[in-house]
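Enquirer: for reference, the sequence and a predicted model appear below.
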Amino acid sequence: MPSPKNPAPDAPGQKTRLSKELVLATALELVDSAGLDTLTMRRLGQELNCDPMSLYRYAENRAALLDGVSELVFNELEIFPHDPDWKAQLRRIAHDLRLLALRHPNVVPLLVTRPLSTPLGLRPLGTLRPLEQILSLLVDAGFEPTDALHVYRAYYGFLYGHILNELQEFIVDPEENEALLRLGLHRLPARDFPRLRALAPVLADYDGAAELDQGITILLSGLESNLSRQASPAKV
């Protein structure tokens, strides 16, 4: 059965049968393969073999196209807001978001920076659902609504920081066995950067999943301790 990403082939000479799903799926494929800067109505029209003007029925401008791509990616993130094990849920979401970023690394800058220029109430609904669902998860777990918002901010701040760090191109020569050379750290003055140079083997053996899990464990431990203090009756 044909899908939005793989529609049924049209007859020779017939224009592509467009839909919003097909337009956004193709836009995401273009960003994944060639980067955000390549996403224009003209280039997308070439990919879809159609007149770029016909795309404005599905996205009124490039900004709307970017919003649609963001929603499409966030739709891949599954959250269960009524899971009673809120810590396990936050840990799973963290690892799923990391894998999502690794599948769509060219979209990550869009997810991280685009909200900065858009008021909360004007953002695409699909990009706000994770916020609403995690707030529900935390409030159901016993956090006060205001505290749940603080937790969300700390949680996503950590996740995005980790993801951006992991996606950095820090390998200079992947064929080099010596960690110091592979990372290019031999170029740093030894007297000025002794600790950074000494950590070369650790940096070279970076394990993104393990690093994320260690950070999440620290974060969740602190959150659980804070929640326990809130739940404890005040001493008289």
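Expert: The structure has been received and is ready for your questions.
Enquirer: roughly how far apart are the residue positioned nearest the centre of the chain and Tyr206?
Expert: Compute the mean C-alpha point of the chain, and by Cα atoms, centre = their mean the closest residue is Ala101, 4.6 Å away. Separation of Ala101 from Tyr206 (Cβ to Cβ, to the nearest Å): 15 Å. Just so you know, the C-beta spots here come from the backbone N, C-alpha and C atoms, and that holds for glycine as well.
Enquirer: could you do Leu77 as well?
Expert: Taken as Cβ to Cβ, the span from Leu77 to Tyr206 is 24 Å.
Enquirer: list the contacts of the one helix or strand Gln214 maps to.
Expert: Secondary structure assignment for Gln214, by DSSP states H and E: helix 208-231. Here helix 208-231 makes contact (Cβ atoms under 8 Å, 6 or more residues apart in numbering) with 87, 90-91, 94-95, 98, 102, 141-144, 147, 151, 154-155, 158-159, 162, 166.
Enquirer: which of these are buried, as a ChimeraX select command?
Expert: With 16 or more other Cβ atoms under 10 Å as the criterion, this ChimeraX line picks the buried residues out of the contacts of helix 208-231:
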select :87,90,91,94,98,141,143,147,151,155,158,159,162,166
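Enquirer: follow-up on the earlier one: angles on the backbone of the closest residue to the residue nearest to the centre of the chain other than its chain neighbours, please.
Expert: Once flanking residues are discounted, Ala101 sits nearest to Ile163: 4.5 Å by Cβ to Cβ, 6 or more residues apart in numbering. Main-chain dihedrals, Ile163, degrees, to the nearest 10: phi -60, psi -50.
Enquirer: this completes my enquiry, with thanks.
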